[in-house]
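S.K.: Sequence first, then the predicted structure:
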Number of protein chains: 2
Amino acid sequence: MIEGGLLERISGLGSERYAAKGTFLFRQGDLSDHFFIFCQGMAKAYYETIDGKEFIKSFIRENECIASMQVIVAGSPSPFNLITVENSRFLEVPGDRLLAVIKEDAEFSSAFSSLLLQVAMKKERREYELLCLSAEQRYRLLCKREPELIQRLSQTDVARYLGITPVSLSRIRSRTPFRCPISE
Amino acid sequence: MIEGGLLERISGLGSERYAAKGTFLFRQGDLSDHFFIFCQGMAKAYYETIDGKEFIKSFIRENECIASMQVIVAGSPSPFNLITVENSRFLEVPGDRLLAVIKEDAEFSSAFSSLLLQVAMKKERREYELLCLSAEQRYRLLCKREPELIQRLSQTDVARYLGITPVSLSRIRSRTPFRCPISE
DNA sequence: CCGAGGCATTAACCCATGTTAAGTGCAATG
DNA sequence: CATTGCACTTAACATGGGTTAATGCCTCGG
């Protein structure tokens, strides 16, 4: 989640874009260093393994942002794909412009640091879930914490985010008395 | 990994401490906001679940640092334990002093941001591994990337870090022709 | 209206990992 | 030397998730 102030300052740096559902914003292996801030719609960031399997790293919705840190910081190719899963509107900011402003503007830089901190904490939560919880526990937690996400996504994408197959998610759902409150 | 410059500046803020193997530096649920920088030895940060299972989040070795972000940033209790796994020497810096210096000193603050970035990238790698790789693949990768870590740790701790049981790790090792190069 | 493609469900089978328990070897300690 | 505790291994069994395939249900486009 990106705060109001920061968003306004960033807006000037980039341009507004639209993309239909299913559009790649960048691909695994690309060196595109753009920073994306979503205004409407949703995208998914996902890894694709050699044998063609897909694992979803994260979803990006309204007022959330994403870039490939590896590209921006280390200049190495992006390890993941970014593709829209709904028709979307977003800001696209070139990485070098963002970095330049961060260097110049102290206030901006501190806002950016706190953004980084948010990212680190979010990743820590995800690490915890993947390390300590079973697939079923992860699913229940997601239902509780992000019911709206479950609504907007296909079950396939939910499964890929949980790190399991759609078949397995279907089993978990049938096995479980629990349901996402909104879905009734 | 903490850079030379930053380390020197931090040293003045805290005090040097020693702790024998098996000493808790803080526990799950604590509100201790200390920041630790290791000079010698090693610690492990781990989650303990309700039913008594242990999952290791990370190891902290020479020139690496750790704190519970949740405590420092959100003031909420630490979700994990920190305990030494070797006799250790380290710097202990109170969180409030660190935050104060970050606010005052621009150069320090930017060094700290890049540290945050390192943390975020490290967590991203770990997320990738937990999400996309099997236990066996994770073990092989660890052997290749951190042979020294494997040497210094018990197999139990390696297993807890990989997210599997020691029994399962023993099986993987016996199943596999692959061995850590140094261990022969 | 019909057919194609995509998604969810279900079943059958396989394999990896968890669980429990027993056995072994080693190091520390009395 | 004997005892204790710990780490590691191995085995037997249970279970969760992967794989494949069949089925049914949509929606979309002809």
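M.R.: Perfect, I can see it now.

S.K.: Check whether stretch A:121-135 comes into contact with DNA strand D.
M.R.: Yes. Shown here: stretch A:121-135 in contact with DNA strand D (Cβ under 7 Å from any atom of the strand) through A:134-135. From N, CA and C alone the C-beta is placed, and that goes for glycine too.

S.K.: for chain A, longest helix please?
M.R.: Longest helix in chain A, counting residues (DSSP state H): helix A:106-132.

S.K.: same question for it, mean pLDDT?
M.R.: Mean pLDDT, computed over helix A:106-132, is 89.

S.K.: Could you tell me the angle between it and helix B:106-132?
M.R.: 30 degrees (axes from the mean of the first three to the mean of the last three Cα atoms, to 10 degrees).

S.K.: Is helix A:106-132 in proximity to DNA strand C?
M.R.: No. Remark: helix A:106-132 sits outside contact range of DNA strand C, by Cβ under 7 Å from any atom of the strand, the gap being at least 10.5 Å.

S.K.: is it true that residue A:99 touches residue A:72?
M.R.: Yes. At 7.2 Å, residue A:99 counts as touching residue A:72 under the criterion of Cβ atoms under 8 Å.

S.K.: of the two, who's got more company?
M.R.: The residue with more neighbours, out of residue A:99 and residue A:72, is residue A:72; 18 against 15, by other Cβ atoms under 10 Å in any protein chain shown.

S.K.: how about the longest helix of chain A, does it get close to chain B?
M.R.: Yes. Against chain B, helix A:106-132 shows contacts by Cβ under 8 Å from any Cβ of the partner chain at A:106, A:109-110, A:112-113, A:116-117, A:119-121, A:123-124, A:126-128, A:130-132.

S.K.: Now, of those residues, which are buried?
M.R.: Buried members of the residues of helix A:106-132 next to chain B, scored by 16 or more other Cβ atoms under 10 Å in any protein chain shown, are A:109-110, A:112-113, A:116-117, A:119-121, A:123-124, A:126-127, A:130-132.

S.K.: for the residues you listed, which one is nearest DNA strand D?
M.R.: residue A:130 (11.8 Å; Cβ to the nearest atom of the strand).

S.K.: residues contacting that closest one?
M.R.: When the contact criterion is Cβ atoms under 8 Å, 6 or more residues apart in numbering or on different chains, the partners of residue A:130 are A:138, A:163, B:127, B:130-131, B:163.

S.K.: Check which residues of the lowest-mean-pLDDT helix or strand in chain A are buried.
M.R.: Least confident helix or strand of chain A, by mean pLDDT, DSSP states H and E, is helix A:4-11 with a mean of 75. Using 16+ other Cβ under 10 Å as the test for burial, helix A:4-11 gives A:6, A:10.

S.K.: Name the next helix or strand following that helix along the chain.
M.R.: strand A:15-19 (DSSP states H and E).

S.K.: neighbouring strands for that following strand, and are they parallel or not?
M.R.: strand A:88-93 (antiparallel) (DSSP bridges).

S.K.: who in chain A is up against chain B?
M.R.: So chain A meets chain B at A:47, A:49, A:53, A:55, A:57, A:69-70, A:73-74, A:79, A:106, A:109-110, A:112-113, A:116-117, A:119-121, A:123-124, A:126-128, A:130-132, A:163 (Cβ under 8 Å from any Cβ).

S.K.: Now do the strands in chain A.
M.R.: For chain A, strands defined by DSSP state E occupy the ranges A:15-19, A:24-26, A:35-40, A:43-48, A:54-60, A:65-66, A:81-84, A:88-93.

S.K.: Identify the neighbouring strands of the fifth one in the sheet and state each direction.
M.R.: The reference is to strand A:54-60. By DSSP bridges, strand A:54-60 pairs with strand A:43-48 (antiparallel).

S.K.: Give me the mean pLDDT for the partner strand.
M.R.: In the prediction, strand A:43-48 has an average pLDDT of 96.

S.K.: what do you get for stretch A:66-84?
M.R.: Mean predicted lDDT for stretch A:66-84 stands at 93.

S.K.: Please list the outside residues in contact with that stretch.
M.R.: In contact with stretch A:66-84 (Cβ under 8 Å, 6+ apart) are residues A:19-36, A:38, A:41-48, A:57-58, A:60, A:95, A:98-99, B:117, B:120-121, B:124, B:128.

S.K.: Buried subset of those as a PyMOL selection?
M.R.: Those of the contacts of stretch A:66-84 that count as buried under 16+ other Cβ under 10 Å are selected in PyMOL with:
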select buried, (chain A and resi 19+25+26+30+32+33+34+35+36+38+41+42+43+44+45+46+47+48+57+58+60+95+98) or (chain B and resi 117+120+121+124)
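
S.K.: how deep is residue A:134 tucked in, by neighbour count?
M.R.: By the measure other Cβ under 10 Å, the count of residues near residue A:134 is 10.

S.K.: Distance check, the nearest residue to residue A:106 once chain neighbours are set aside against residue B:2.
M.R.: Of all residues not flanking residue A:106 in the chain, residue B:106 sits nearest, at 6.3 Å (Cβ to Cβ, 6 or more residues apart in numbering or on different chains). Distance, residue B:106 to residue B:2, by Cβ to Cβ, to the nearest Å: 19 Å.
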